[in-house]
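1. predicted structure and sequence below. I'll ask about it afterward.
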Amino acid sequence: MDLSKKFWEADLSDIRRGYYIDVQKQTQSLSQVPALASALASAKSYVCLICGAVFEKGIIYPMEGVLYEAERAVQAHIAAEHGSLFEYLLGVAASSGGITELQSELLRQFHQGTDDAEIAKLLGQGSTSTVRNHRFKLREKEKQAKVYLALMSLVGKQEGADALVGVHRGAKMVDERYVFTEKEKEQIIHKYFEDNGQGPL
């Protein structure tokens, strides 16, 4: 699956962690060794949502002189390769037009544990009351987002063939150019590419 699509379809808990758990069923017959059959019935992999790096359960990964099992390895990978997950998500939110520069900086300061008076001084945003008001507004947006997520998950269950194509993470201007279905995407590919969409233009 396309990494960008996987990112946007990931559960909130997976996005918060920065990786998802991929459970793949083993295709080989394990009936010869019944004791291993249940243990190996499914293989887990931990996949970085940012770059797609895969860490398989049962393998030990050496990183910077330390040996990690798969889940700890993906966590160490995210910290070493991508820095702060908070900063990455803040960049995604800002580039998708979800938050303003001021909101971005406020969230950064809240995340660092800076008190309201210090934030007011740093940002030149009036008094502590103004900062508290911004915090309140952001919490209201959080509540609205939860309701919106619940509504969209209910709508998504009924979309079926009319599901819209997801917007890739690098999109700078999301507008009507991104509003088309999977069926329309396939029609366009087959129309403009040779060999049923596998060849050149």
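-> Good, I have the coordinates. Residues are numbered from 1 along each chain as shown.
2. next, count neighbours for Val66.
-> 10 (other C-beta atoms under 10 Å). C-beta here means a position set from N, CA and C on the backbone, and glycine is covered the same way.
3. oh, I was asking about Thr181
-> 14.
4. quick check: which ranges of the protein have low pLDDT?
-> 1-2, 25-43, 157-163, 169, 196-197, 199, 201 (pLDDT under 70).
5. per-domain residue ranges of it.
-> For the chain, automatic domain parsing gives the domain ranges 1-83, 88-161, 164-197.
6. give the contact list for Ser96.
-> Going by C-beta atoms under 8 Å, 6 or more residues apart in numbering, Ser96 touches Val167, Ala171, Val174.
7. er, Asp22 actually
-> Lys44, Ser45, Tyr46, Val47, Val54 are the contacts of Asp22 under C-beta under 8 Å, 6+ apart.
8. before we move on, what about Asp116?
-> Asp116 neighbours (C-beta under 8 Å, 6+ apart): Thr128, Val131, Arg132, Arg135.
9. same question for Leu67.
-> By C-beta under 8 Å, 6+ apart, the neighbours of Leu67 are Ile60, Tyr61.
10. in the sheet, who's paired with it?
-> Counting by DSSP bridges, Leu67 is bridged to Pro62.
11. measure it to Ile59 for me?
-> When C-beta to C-beta, to the nearest Å is applied, the distance between Leu67 and Ile59 equals 11 Å.
12. this completes my enquiry, with thanks.
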